[in-house]
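Visitor: Any chance you can model this:
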Amino acid sequence: MRDYALATVLTASALFAGQGEAVAVNPLPKPVNITWGSSGCFTVGSLTLDGTNNKIVSNAFNRMVKTATNLKWTPAAVEAPPAQFEPFPSSSSKRRRAKGQYSVDVPSAGNCTGSIKSVKVDVADAHAQLLHGVDESYKLELAAGSDTVKITAKTVYGALHAFTTMQQMIINDGSGKLIIEQPVSVDDAPLYPVRGIMIDSGRNFISKAKILEQIDGMALSKLNVLHWHMVDSQSWAVEINAYPEMTKDAYSANEVYSQATLKEIVFPLEARRPVKWSALLHAKASLRCNPHWR
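Guide: A predicted model of the protein is given here:
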């Protein structure tokens, strides 16, 4: 068992070392298959979207470009095994910083031989419903000598995942210019059909801004289900036009989700990921409307 564990660690170390020497970026969640080339980096300038006029895809593309442009992300470290040090350092031991085992040099935009000008998206079924089991696979290809990132997906939801992966590949070269380090090919699909979280505003009110931040984080992590526990016996914060008295059971008048607020939250969910609504059946607020509802 001990020999097996040691062999596993050594194998993992070799794999990480090979990846680290190639590129600094490490797209997460880890794609099923990702292959980097070695011909050199690409500068990333003003990008255009080709191949589709689907609103969900075009909105996702614009979000990806805006985020990558504003963030100008520089990888601080690459994923790697823990640093190795001598068990008993002495005065003659070679001093070194742990960071040196993790850091990867990011190429300068001035040394890039290619330039990316467009992203071409091919979606086989643009009308697929966002239901359990929908195909979320995608392929992303940036070939050496090409000025186009090519994305193919069975549905728009696979295309959204491709944009998320591409966003993580676009990095700052250290001088404020954006690059992709090498040609790359990605073939990816989720390992699990349900990947989600639950937020509980029934017991602790969560502002609209924080919920939208959570949705953005879910999209970046390629999650696909948000279970929103909206109400409970502690607080009824959902405005219902037919029964306005129910919001009197909220924590306060300022901690209520109006119909307009709900639409602002649900729209990005429909445009990015599915949502599961919690049943609105276990709240004492209903007694404010009709004491006989027991």
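
Visitor: Give me the three-state assignment for Phe163.
Guide: helix (DSSP: H, G, I helix; E, B strand; the rest coil).

Visitor: Report how many residues lie close to the closest residue in space to it that isn't next to it in sequence.
Guide: Spatial nearest neighbour of Phe163, chain neighbours left out: Met64 (4.2 Å); criterion: C-beta to C-beta, 6 or more residues apart in numbering. Placement of C-beta: from N, CA and C, glycine included. Using other C-beta atoms under 10 Å, Met64 has 22 other residues around it.

Visitor: try Lys139
Guide: The burial count for Lys139: 17, using other C-beta under 10 Å.

Visitor: tell me how far stretch 147-158 is from the chain's mean position?
Guide: 16 Å (C-alpha atoms, centre = their mean, to the nearest Å).

Visitor: quick one: contacts for the residue nearest to Phe163?
Guide: Applying C-beta atoms under 8 Å, 6 or more residues apart in numbering, we find Met64 in contact with Phe163, Thr164, Met166, Gln167.

Visitor: Relative to Ile197, which of those residues is nearest.
Guide: Of all the contacts of Met64, the one with the least separation from Ile197 (C-beta to C-beta) is Thr164, at 16.5 Å.

Visitor: Quick check: that closest one vs Val119, distance?
Guide: 13 Å (C-beta to C-beta, to the nearest Å).

Visitor: Show me where the stretch 1-150 of the chain has its strands.
Guide: Along the stretch 1-150 of the chain, the stretches classed as strands by DSSP state E, counting those that start in this stretch are 33-36, 42-50, 114-125, 138-142, 148-155.

Visitor: Make TSV out of those and add distance to Ser201 and mean pLDDT.
Guide: Below are these laid out as TSV (distance: least, C-beta to C-beta, whole Å; pLDDT from 0 to 100):
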stretch	distance to Ser201	mean pLDDT
strand 33-36	37	96
strand 42-50	35	97
strand 114-125	34	98
strand 138-142	32	99
strand 148-155	30	98
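
Visitor: Mind putting the ones you listed into a markdown table with distance to Val106?
Guide: Listed next are the strands of the stretch 1-150 of the chain as a markdown table, based on distance: least, C-beta to C-beta, whole Å:
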| stretch | distance to Val106 |
| --- | --- |
| strand 33-36 | 14 |
| strand 42-50 | 13 |
| strand 114-125 | 16 |
| strand 138-142 | 17 |
| strand 148-155 | 19 |
